[in-house]
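# All I have is the shape, not the residue letters:
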């Protein structure tokens, strides 16, 4: 079983966290070839945290977890916090293979989508 | 003259702010029909701030400024901070027409782009 963790920053505002949960539910519609489930996880202000979500993956019987950082820029969260949380959690589950993908903000499509948003398309 | 302000959160990490600057430079390639310039602005940790950027727009002779929030979720920055900063700045420039667009994270394309990122496409 392969699980995709959609890792967002998390907000004090519950609606923002629900947006991430809703996104995680939509993702498999586009391609379900590589993941059995998509689970949201949060760095701050919401649960599950990354360690909690990785524990859940283990309990669900996952062999492989892919961590996808839903962040716009490669700040400290991408360069330090997420790898640290993943490393800490993975020590508890040495048989779970965990990889971290590129962060969302690295996608080339963003400039065009921003312009479309600006012109109301 | 119409100026588009690409408003990002801003980071302590200079590279993150440079990513936003680089994005702002790419955007006009996709559609230059509605804006003469795209300028980055930051809520925290980097300059120009929103009021500084709006002042720059006025000095450049802009008649209209469109504020595009480059944020993933509708948290306090979208619901309170950006509108407050824009309102404060606009009091100083009553002849400048300023509007705020939807935030980037509201785009329907995101779930698919996230899945593409997850599967390495």
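Okay, I see it. Note that the coordinates shown come from a computational prediction; the quantities given were computed from them, not determined experimentally.

# where does chain A have low pLDDT?
Residue ranges of chain A with pLDDT under 70: none are present.

# Can you show me the helices along it?
Taking DSSP state H as the test, the helices found in chain A are A:14-26, A:50-59, A:76, A:82-92, A:110-118.

# Quick check, residue A:31 in contact with residue B:119.
Yes: between residue A:31 and residue B:119 a contact is recorded at 5.9 Å, counting by CB atoms under 8 Å. (Glycine included, C-beta is placed from N, CA and C.)

# Please enumerate the shared neighbours of these two.
The contact sets of residue A:31 and residue B:119 do not overlap (CB atoms under 8 Å, 6 or more residues apart in numbering or on different chains).

# Now distance to chain B and mean neighbour count too, for the helices of chain A, in a markdown table please.
Output for these, formatted as a markdown table (distance: least, CB to the nearest CB, whole Å; neighbours: other CB atoms under 10 Å in any protein chain shown):
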| stretch | distance to chain B | mean neighbour count |
| --- | --- | --- |
| helix A:14-26 | 4 | 17 |
| helix A:50-59 | 14 | 19 |
| helix A:76 | 6 | 12 |
| helix A:82-92 | 14 | 15 |
| helix A:110-118 | 4 | 20 |
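
# Please tell me how far the nearest residue in space to residue A:88 that is not next to it in sequence sits from residue A:87.
Once flanking residues are discounted, residue A:88 sits nearest to residue A:51: 6.3 Å by CB to CB, 6 or more residues apart in numbering or on different chains. Going from residue A:51 to residue A:87 by CB to CB, to the nearest Å gives 10 Å.

# follow-up on the earlier one: for residue B:12, which of the helices of chain A is the nearest?
Minimum separation from residue B:12 across the helices of chain A (CB to CB) falls at helix A:76, 7.1 Å.

# quick revisit: now render the helices of chain A as TSV, adding distance to residue B:36.
Output for the helices of chain A, formatted as TSV (distance: least, CB to CB, whole Å):
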stretch	distance to residue B:36
helix A:14-26	33
helix A:50-59	43
helix A:76	35
helix A:82-92	38
helix A:110-118	13
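
# Understood, closing this out.
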